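*Asks:* take this sequence and fold it.
(chains A and B)
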Protein chains: 2
Amino acid sequence: MNIHDNLETPALLLDQNVLERNLARMRLHLRRLGVSLRPHVKTAKSIDVVRRALEGQPGGITVSTLKEAEYFLAQGIRDILYAVGIAPGKLAHMVNLIRRGADLTVILDNVATVQAVADAARAAGVVIPALIELDVDGRRSGVQPASPLLIEVGRVLAANPSVALRGVMTHAGESYNCRSAQALREMAERERAGSVWAAQRLREAELPAPVISVGSTPTALFAESLDGVTEVRAGVYMFQDLVMAGIGVCATEDIALSVLVSVIGHQADRGWIITDGGWMALSRDRGTSSQKIDQGYGIVRTVTGEAPCDDLIVISTNQEHGVIAQRAGGPLDVTHYPIGTLLRVLPNHACATAAQHQSYHVVAGTRPGIIDTWTRISGW
Amino acid sequence: MNIHDNLETPALLLDQNVLERNLARMRLHLRRLGVSLRPHVKTAKSIDVVRRALEGQPGGITVSTLKEAEYFLAQGIRDILYAVGIAPGKLAHMVNLIRRGADLTVILDNVATVQAVADAARAAGVVIPALIELDVDGRRSGVQPASPLLIEVGRVLAANPSVALRGVMTHAGESYNCRSAQALREMAERERAGSVWAAQRLREAELPAPVISVGSTPTALFAESLDGVTEVRAGVYMFQDLVMAGIGVCATEDIALSVLVSVIGHQADRGWIITDGGWMALSRDRGTSSQKIDQGYGIVRTVTGEAPCDDLIVISTNQEHGVIAQRAGGPLDVTHYPIGTLLRVLPNHACATAAQHQSYHVVAGTRPGIIDTWTRISGW
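*Replies:* Residues are numbered from 1 along each chain as shown, chains lettered A, B, ... in the order given. Take a look at the predicted model:
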């Protein structure tokens, strides 16, 4: 059955049924823990997706670029956390967004940035809210919760009336490398406890810390308590992907995103099916290569989303070519996949794969056809 | 010195001086070998770059998507080789391009595709030219030069008046895995000899083969003879990259492309510089990971393109964060790179990195400032 025959391949498909199920799961889980959600829009970069994610939430979002802030502000979303330490060269742009109505919060982890933000805000006659970024997993940016630098940054913020200290934030990205439910629960607790402790230290130093913002999809979904936390950030949970499935955060059936590809040739002797879905469409992300099961460039499904009888993955890619073969390298009767056959490829990493495309072609389970097209943004 | 302070990071820089030098090198080399160039536009996807690459050439181009064909046709380029086996679902689009004036050639390697192309062309009342794709390196698509299938595909093409057999084409992508100049020369000769032999077999079967089209940047630049070949295709040579440098095709000084990033933080204890250049800006391509020298996510240069005193590479990335450190992991005085410092990152793979951006910010050596902005296309 060819349900998508007016769509030129490669094309990005989004199963709305699976999306809604993923959104409901996170919503229910966080409601149970008594914490609100500030969805991270860096995965979806689409108002159609984010509007659904915001149902039942306060309405604030998290962005990874000022381009995202621009786009979502134009869509009427004002409460925006820019969750990447701000470069001084972006402050003029940021002030411009604030003047246009954005309630934009920055994050920072050093005194030099506090001073750059304070100077820009003072010159513009605005007050910029800030969270201090914490490092709870030794992976990226942020001050250690125990560090004297935490209080130092807090004091410099408090001394500058053009910036407003609002609290702390952290992202336990190391959760992507957890290999068991227990490890995920522990990482979620480490994220929570480190943030709550840092906020406590600020308060003891008579500095304000009303906001405690944490999150990553794995820690959000595996947290057993979020006591003290005021908001959770997560983005990948909307679509899920093979990396998330590999660490036990979801099943492959929970992956809402896939790339529709066409069979364009075979190498019958080698058991290869050649498609027009190369790394440009799938992304170069090989996030499962360090996991227990390496999914190559993605798992293959039929055009309607079912698993084919063969255990097929994309074993290699060129820019606009994908090579599909049996996972175990065994023989394959390629005549089961004639020229023109449409297949879906489930992505390793939803953020990276979606970024290669300009729109989502929306499907709903096995219901025939594309029911909608949602645009997404890219760039900076 | 901060020569780019009006540019928000991350941003893609293209050094026009290096570009012109790379174009001249290929032009001179192929002139010496007596072969013309059909530049592959999949790397640059920009008329400003491709117009320069076409200087002194017949004017035809190679594309990897019909979107590229659309764009370059709109820019006045009609002679277009679509160098990915065509999916039946793209034939209507292709016919549309032909009707709008494109002299579009397809490639194919199987009888089913010949029939699909012939049917579509007949229904539309056009004649579509075709090259038979050859497999000379066991890597991807194509019929073996020695295979009976070559003659079979040729005969089916000849029997259909709505398609016109024009010859053969191949791409020795395996050249990217060569590890010595000698291996590259041998791969170039294998590409040449296999193609010439396949054309010879077609002619002996009284089938036409006026076109023998070969190419990849490594084989094009290392070929010592291209006797019998009528045209060379290459794209990466325009920009070069660390993968090409790693196999000895160019020096790092020949890399025209870089990503401008800003320092946004430090982890002084670990010797880390944190920047706003993550995998979204650099791409997920880790092509050097299998080479003798793993360049991480790229080599770091100063804002004006010089090597800093420290031997810095991007050791890891998140979506919008890059972590820069000493290649050998040694200590680094991060105060040499204060918040706001601009740095350039040379890419592993020019095609993948350029694809993450919407325009080239053109620089010329150490001349201050951005001298031009060239847009590029993406998608399908």
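*Asks:* shouldn't A:R185 be within a strand?
*Replies:* No: the assignment for A:R185 (DSSP: H, G, I helix; E, B strand; the rest coil) gives helix, which keeps it out of a strand.
*Asks:* tell me the spacing between it and A:A234.
*Replies:* Distance of A:R185 to A:A234, given as Cβ to Cβ, to the nearest Å: 16 Å. Glycine gets a C-beta too; all of them are placed from N, C-alpha and C.
*Asks:* have a look at those two and say which one is more surrounded.
*Replies:* Ranked by neighbour count (other Cβ atoms under 10 Å in any protein chain shown), A:R185 and A:A234 place A:A234 first, with 24 against 17.
*Asks:* SS state for A:Y237?
*Replies:* Applying three-state DSSP to A:Y237 yields a three-state assignment of helix.
*Asks:* quick one, what contacts A:H171?
*Replies:* By Cβ atoms under 8 Å, 6 or more residues apart in numbering or on different chains, the contact list for A:H171 reads A:A83, A:R140, A:E191, A:V214, A:G215, A:S216, A:R233.
*Asks:* residue contacts, the nearest residue to A:R185 once chain neighbours are set aside?
*Replies:* Take A:R185 and drop its neighbours on the chain: the residue closest to it by Cβ to Cβ, 6 or more residues apart in numbering or on different chains is A:F222, 5.1 Å away. A:F222 sits next to A:S175, A:A181, A:L184, A:R185, A:M187, A:A188, A:V249 when contact means Cβ under 8 Å, 6+ apart.
*Asks:* in the helix or strand harbouring A:R32, what counts as buried?
*Replies:* Using DSSP states H and E, A:R32 maps to helix A:16-33. For helix A:16-33, burial by neighbour count (16 or more other Cβ atoms under 10 Å in any protein chain shown) applies to A:Q16, A:V18, A:L19, A:N22, A:L23, A:M26, A:H29, A:L30, A:L33.
*Asks:* and that helix, average pLDDT?
*Replies:* The average pLDDT within helix A:16-33 is 98.
*Asks:* pull up the pairing partners for the helix or strand just after it, direction included.
*Replies:* Sequence-wise, the next helix or strand downstream of helix A:16-33 (DSSP H and E) is strand A:36-37. Its sheet considered, strand A:36-37 pairs with strand A:231-232 (parallel) by DSSP bridges.
*Asks:* residue ranges for the helices of chain A, please.
*Replies:* Using DSSP state H, the helices found in chain A span residues A:16-33, A:47-53, A:66-74, A:91-99, A:111-124, A:148-159, A:181-204, A:217-222, A:242-246, A:279-282, A:350-354.
*Asks:* quick check: domain ranges of chain A?
*Replies:* A:18-237, A:250-375 (automatic domain parsing).
*Asks:* partners of the lengthiest strand in chain A, with directions?
*Replies:* What stands out as the longest strand in chain A, according to DSSP state E, is strand A:257-267. In the sheet, strand A:257-267 lines up against strand A:11-15 (antiparallel), strand A:272-275 (antiparallel), strand A:342-346 (antiparallel) (DSSP bridges).
*Asks:* who's in contact with A:I315?
*Replies:* Neighbouring residues of A:I315 by Cβ under 8 Å, 6+ apart: A:W272, A:G296, A:Y297, A:V323, A:I324, A:A325.
*Asks:* rewinding a little: quick one: which of the domains of chain A is nearest B:Y71?
*Replies:* Comparison of the domains of chain A against B:Y71 by Cβ to Cβ identifies domain A:250-375 as nearest, at 14.0 Å.
*Asks:* quick one: end-to-end length of the closest one, please.
*Replies:* 26 Å (Cα to Cα, to the nearest Å).
*Asks:* what does stretch A:103-121 give?
*Replies:* This stretch, stretch A:103-121, spans 13 Å end to end (Cα to Cα).
*Asks:* can you check stretch A:170-187 too?
*Replies:* 12 Å.
*Asks:* how far off centre is that stretch?
*Replies:* Here stretch A:170-187 is found 15 Å from its chain centre; the criterion is Cα atoms, centre = their mean, to the nearest Å.
*Asks:* please apply the same query to stretch A:216-234.
*Replies:* Between the centre of stretch A:216-234 and the centre of its chain there are 15 Å (Cα atoms, centre = their mean).
*Asks:* neighbours around A:N96, how many?
*Replies:* Neighbour number of A:N96 under other Cβ under 10 Å is 13.
*Asks:* okay, it: pLDDT?
*Replies:* Residue-level pLDDT assigned to A:N96 equals 97.
*Asks:* how about the residues of the stretch 101-250 of chain A by chain B?
*Replies:* Within reach of chain B by Cβ under 8 Å from any Cβ of the partner chain, the stretch 101-250 of chain A has these residues: A:D109, A:N110, A:A112, A:T113, A:A116, A:D135, A:G138, A:R140, A:S141, A:G173.
*Asks:* switch to 6 Å and redo it
*Replies:* With Cβ under 6 Å from any Cβ of the partner chain as the criterion, the stretch 101-250 of chain A comes near chain B at residues A:D109, A:N110, A:A112, A:T113, A:R140, A:S141.
*Asks:* quick one: low-confidence parts of chain A?
*Replies:* Residue ranges of chain A with pLDDT under 70: A:1-5.
*Asks:* if we can go back for a sec, give me the helices and strands touching the helix holding A:R32, please.
*Replies:* Using 3 or more Cβ pairs under 6 Å, 6 or more residues apart in numbering or on different chains; DSSP states H and E, the elements in contact with helix A:16-33 are strand A:359-364.
*Asks:* and if we set it to 8 Å?
*Replies:* In terms of contacts (3 or more Cβ pairs under 8 Å, 6 or more residues apart in numbering or on different chains; DSSP states H and E), helix A:16-33 is packed against strand A:36-37, helix A:47-53, helix A:217-222, strand A:359-364.
*Asks:* list the contacts of that helix.
*Replies:* A:36-37, A:49, A:52-53, A:55-57, A:220-221, A:223, A:225-226, A:232, A:234, A:237-240, A:250, A:253-256, A:362-365, A:371-372.
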